[in-house]
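In: here is my input; please provide its structure:
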Amino acid sequence: MIWQIAAIFILASCLGFGLRSGMTRVVFPLFVFVIGVATSYLATSMAPALPWVGFLAPIFAGITAGYIIAWTWNTGIARNALVVRTRLALVRLLSDFRVSAVLIGLLISYVITFYFAGMAFKENPPGFWLAFYAAWVSGLLFFTIVGLIAGLVTLYRPERDVFAARVKILTGGKSGSAVDYIANELKRIGYVAKITERTFIIEDYDQELDAYYALVEHVTVIRNIYDDVTTAATGKIAIELDELPRDPGPYGRMISFKINGTNQGGVPFDFGQSGFIRPWEIEIPAGGEGRIEYEHGCWYKASEIHHFTPNRFTEQLQVKFRCRCRPTGKRLLVKLTTGGQTEDHLLDYDGEYALPAPLRDLNPGEAAYRFNLAIGP
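Out: A predicted model of the protein is given here:
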């Protein structure tokens with residue numbers, strides 16, 4: 001009996017290994033059939049001497065062990081990440097209602113088997129129920145090995161596989177350092193700006209400089225587009241200033257800088273006409289989000305056209321202008337260009353203008369909007 005249980009476990013392990021590594025191979029259906037028949041034969045031959053639960057356990061244990069071995073071998077999953085990936089795989093599997101329906105039906109069949117077993121072993125002398133129980137268990141085991149696994153293979157969705165396996169699919173099943181490099185590059189660009197909000201608060205106007213001093217509040221929510229790997233988002237705060245006829249002392253001031261609500265060091269500080277660049281990096285968990293916030297103030301020359309260019313793909317961009325000054329007793333004129341269309345907006349003191357709808361799907365490196373400030377009527 002021991003050798004039969006061991007044989008069942010080994011055969012089921014081979015089946016689990018093949019389930020993981022042979023999903024796209026033509027020979028896999030035949031492989032499942034042969035292994036399923038052999039396992040079912042060994043299991044049913046033990047039915048008179050061992051309850052059906054006793055030989056069903058090594059089947060599932062073997063399939064699970066073989067699947068995990070193949071999964072680890074093919075995708076190179078670290079030990080400390082195996083539990084997380086297994087949990088994710090189960091969630092994805094059970095989120096498909098077709099898989100859930102099959103598993104529920106199979107569970108009901110197992111529960112009914114307890115009733116049939118009780119009727120068979122109570123029957124004296126052995127008759128219909130014993131023959132029915134043997135046929136039922138044989139059919140149930142065969143479906144568990146062949147029907148269930150073959151059915152799950154047909155429901156396999158490559159896009160829901162682990163990241164390393166998806167990269168291998170992308171490269172035609174290849175492996176090696178070049179594929180590892182591609183995988184790292186895909187991780188590096190695996191994030192987008194879910195929404196970016198920029199608010200300009202114009203606080204002062206200097207007639208001699210012909211320039212406006214404005215506070216700029218910037219908020220970006222970055223989304224990791226992968227739901228099974230962590231990505232490290234990088235960027236920089238880059239501020240370029242206009243040339244003014246004299247030093248306004250200072251040209252600008254960095255007021256605050258936060259990553260995920262945590263204040264970053266070195267602020268506040270003043271900067272000169274050369275502006276400044278400050279890089280940043282944030283680790284975003286699988287399927288998670290990160291938040292970048294900063295605020296600065298600087299002078300904007302009225303005769304210059306200013307623009308904003310996103311550093312990454314941006315799904316939504318919202319822009320607001322608020323007037324907190326009265327230049328020579330007149331209103332503030334904001335000339336704003338978006339999508340090739342220029343519009344003039346007059347703002348009274350404490351007046352505000354916001355885009356009626358966010359700008360959407362902006363590519364990195366392309367100017368999202370342009371504006372300049374002037375004195376209105």
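In: this protein: helices as residue ranges?
Out: 2-21, 28-45, 52-75, 79-94, 97-122, 128-142, 149-154, 163-170, 177-188 (DSSP state H).
In: any idea of the mean pLDDT in the first one?
Out: For helix 2-21, the mean per-residue pLDDT is 61.
In: and Ile225, what does it touch?
Out: Shown in contact with Ile225 (C-beta atoms under 8 Å, 6 or more residues apart in numbering): Gly190, Tyr191, Val192. Backbone N, C-alpha and C define where each C-beta goes, glycine included.
In: just give the nearest non-adjacent residue to the last one, would you?
Out: Translated: Val192. Among residues not flanking Val192 along the chain, Phe313 sits closest, at 4.6 Å (C-beta to C-beta, 6 or more residues apart in numbering).
In: if I look at that neighbour, how far off is Ile222?
Out: 10 Å (C-beta to C-beta, to the nearest Å).
In: all strands of the stretch 251-377 of the chain, in order?
Out: Under the criterion DSSP state E, counting those that start in this stretch, the stretch 251-377 of the chain carries strands at the ranges 252-259, 262-263, 269-271, 276-284, 289-301, 306-308, 314-323, 332-338, 341-347, 352-354, 359-362, 369-375.
In: neighbouring strands of the last one in the sheet, and parallel or not?
Out: Applying DSSP bridges to the sheet, strand 369-375 is found paired with strand 306-308 (antiparallel), strand 332-338 (antiparallel).
In: got TSV for these, with mean pLDDT too?
Out: What follows is the strands paired with strand 369-375, written out as TSV (pLDDT from 0 to 100):
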stretch	mean pLDDT
strand 306-308	92
strand 332-338	93
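In: okay if I get those as CSV plus distance to Glu243?
Out: CSV is the format used below for these (distance: least, C-beta to C-beta, whole Å):
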stretch, distance to Glu243
strand 306-308, 13
strand 332-338, 20
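In: the strands of the stretch 251-377 of the chain: which one's closest to Leu107?
Out: Closest to Leu107 of the strands of the stretch 251-377 of the chain is strand 289-301 (C-beta to C-beta; 36.9 Å).
In: okay, buried residues for the closest one please.
Out: Within strand 289-301, the residues that count as buried by 16 or more other C-beta atoms under 10 Å are Gly290, Arg291, Ile292, Glu293, Tyr294, Glu295, His296, Gly297, Cys298, Trp299, Tyr300, Lys301.
In: Val102: which of those residues is nearest?
Out: Of all these, Val102 sits closest to Gly290, with 38.6 Å by C-beta to C-beta.
In: could you find the closest non-adjacent residue to Ile222?
Out: Nearest residue to Ile222, sequence neighbours excluded (C-beta to C-beta, 6+ apart): Gly290, at 4.6 Å.
In: any idea how far the one you found is from Ile277?
Out: For Gly290 relative to Ile277 (C-beta to C-beta), the value is 20 Å.
In: the longest strand in this protein is where?
Out: Criterion DSSP state E: the longest strand present in the chain is strand 191-206.
In: what's the angle from that strand to strand 276-284?
Out: Inter-element angle recorded for strand 191-206 and strand 276-284: 150 degrees (by axes from the mean of the first three to the mean of the last three C-alpha atoms, to 10 degrees).
In: quick one: mean pLDDT over strand 191-206.
Out: 94.
In: what are the buried residues along it?
Out: 191-202, 205.
In: with stretch 175-183 instead?
Out: Within stretch 175-183, the residues that count as buried by 16+ other C-beta under 10 Å are Val179, Ala183.
In: so who does the nearest residue to Pro248 once chain neighbours are set aside touch?
Out: Nearest non-adjacent residue to Pro248, counting by C-beta to C-beta, 6+ apart: Trp299, 5.7 Å away. Neighbouring residues of Trp299 by C-beta under 8 Å, 6+ apart: Asp206, Leu209, Ala211, Tyr212, Tyr213, Leu241, Asp242, Leu244, Pro248, Tyr251, Gly252.
In: ok, back up a step: Ala232: which of the strands of the stretch 251-377 of the chain is closest?
Out: Closest among the strands of the stretch 251-377 of the chain, once you apply C-beta to C-beta, is strand 276-284, at 5.2 Å.
In: from Asp270, how far out is the residue nearest to Pro248?
Out: The gap separating Trp299 from Asp270 is 12 Å, by C-beta to C-beta.
In: what do the two both touch?
Out: Shared contacts of Trp299 and Asp270 (C-beta under 8 Å, 6+ apart): Tyr251, Gly252.
In: confidence score at Leu155?
Out: 60.
In: actually Glu293, not the one I typed
Out: Looking at Glu293, its pLDDT reads 96.
In: wait, what's in contact with the closest residue to it other than its chain neighbours?
Out: Closest residue to Glu293 apart from its sequence neighbours, by C-beta to C-beta, 6+ apart: Lys258 at 4.4 Å. Contacts here follow C-beta under 8 Å, 6+ apart; on that basis Lys258 touches Gln264, Arg291, Ile292, Glu293, Tyr294.
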